[in-house]
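Q: Prediction below, plus the sequence it came from.
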Amino acid sequence: MAKRLKEYGKEAKEYDAKNADKCYKLEVADIKERIEGFKKSDGVELLDVGCGTGGHLQYLKDDFKCVGLDYHKEMIDLAKKKLGNKVKLQQGDIITFNLNKQFDVITCLFSVINYSGDYSNFRKIIKNFYKHLKKGGVIIIEPDYTVKVYKNFTGKDKRSPEMIMNEIGKWLKIMREEGFKVKYFYRGLHQSAKGLYVLTK
């Protein structure tokens with residue numbers, strides 16, 4: 001996990017170029033629909049965990065009071081150039097971050113959560129999300145492909161050792177054990193290959 005995270009830091013300058021075909025605007029339109037359909041709290045405070053260079057935040061910042069969190073200083077620096085002063089950006093680890101506040105919306109997109117490394121860390125992340133979510137708030141988690149879909153694409157059963165696979169039944173069980181109500185959608189953000197978890201408190 002740590003090795004791959006360091007690699008992402010080194011790749012920060014090339015990150016946007018590598019993902020140039022990613023349509024953040026349409027993905028955020030989907031995200032806003034999910035928020036509107038599930039959020040019961042009254043506020044508009046949003047935390048994007050694993051925000052990268054701020055691709056999603058640039059389309060969320062006008063409707064929400066946003067905070068972006070990323071492990072890499074290099075990513076945060078690029079996000080600041082893109083987002084200006086409209087978004088508070090903070091460096092932090094997805095497992096251990098503590099912002100001492102709760103949010104109406106938490107997003108964790110682009111398979112960031114799959115870099116948990118193992119299920120012990122995955123559970124810690126879910127616990128941490130619960131701590132940071134307001135009553136009536138909503139969390140949107142975009143996972144990587146399921147084992148079946150990934151194998152169809154690549155012929156392999158597993159990804160790199162730093163990643164856990166999207167095992168829907170196991171993920172749902174852990175999320176519910178940690179206090180969330182959860183719905184899984186097989187259609188993800190503006191595409192069908194990845195799914196989407198929507199958690200409410």
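A: Looks like it arrived, so ask away.

Q: which stretches of the protein form helices?
A: 2-10, 12-18, 24-38, 57-60, 73-83, 119-132, 147-154, 168-177 (DSSP state H).

Q: so which of the ones you listed is the most packed in?
A: Comparing the helices of the chain by mean neighbour count (mean count of other CB atoms under 10 Å), helix 57-60 ranks first with a mean of 22. In short, each C-beta sits where N, CA and C put it, glycine included.

Q: Can you tell me how far the most centrally placed residue in the chain is from Lys81?
A: Centroid-nearest residue in the chain, with CA atoms, centre = their mean: Cys108, separated by 1.1 Å. Between Cys108 and Lys81 the distance is 23 Å, computed by CB to CB, to the nearest Å.

Q: can you check Asp21 too?
A: The gap separating Asp21 from Lys81 is 21 Å, by CB to CB.

Q: burial measure for the nearest residue to Asp93 once chain neighbours are set aside, as a count.
A: Nearest residue to Asp93, sequence neighbours excluded (CB to CB, 6 or more residues apart in numbering): Tyr71, at 5.9 Å. Using other CB atoms under 10 Å, Tyr71 is surrounded by 23 other residues.

Q: What pLDDT is listed against Tyr71?
A: Tyr71 is assigned a pLDDT of 92 by the prediction.

Q: is it true that it touches Gln91?
A: Yes - using CB atoms under 8 Å, Tyr71 is in contact with Gln91, at 7.1 Å.

Q: Low-confidence stretches in this protein?
A: Filtered on pLDDT under 70, the chain yields the residue ranges 1-13, 153, 155, 157-159, 191-193.

Q: For the residue nearest to Leu83 when sequence neighbours are not counted, give me its contacts.
A: Leaving aside its sequence neighbours, Leu83 sits nearest to Gly54 (CB to CB, 6+ apart; 4.8 Å). By CB atoms under 8 Å, 6 or more residues apart in numbering, the residues touching Gly54 are 68, 78-79, 82-83, 87, 89.

Q: Over to Met163?
A: With contact taken as CB under 8 Å, 6+ apart, Met163 is in contact with 4, 111, 114-117, 144.

Q: measure it to Tyr184 for me?
A: 19 Å.

Q: Residues contacting the longest strand seen in the chain, please?
A: If you go by DSSP state E, the chain has its longest strand at strand 133-141. Residues outside strand 133-141 that contact it (CB under 8 Å, 6+ apart): 31, 34-35, 38-43, 45, 102-109, 113, 129, 180, 196-201.

Q: do stretch 91-100 as well
A: Counting by CB under 8 Å, 6+ apart, 47, 49-50, 67, 69-73, 76, 90, 108, 112-113, 115-116, 121, 124-125, 128, 132 sit against stretch 91-100.

Q: now stretch 14-25
A: For stretch 14-25, contacts defined as CB under 8 Å, 6+ apart pick out 8, 11, 52-53, 55-56, 58-59, 75, 78, 190.

Q: Give me the distance between the two termini of it.
A: 20 Å (CA to CA, to the nearest Å).

Q: I'm done for today, thanks for sticking with me.
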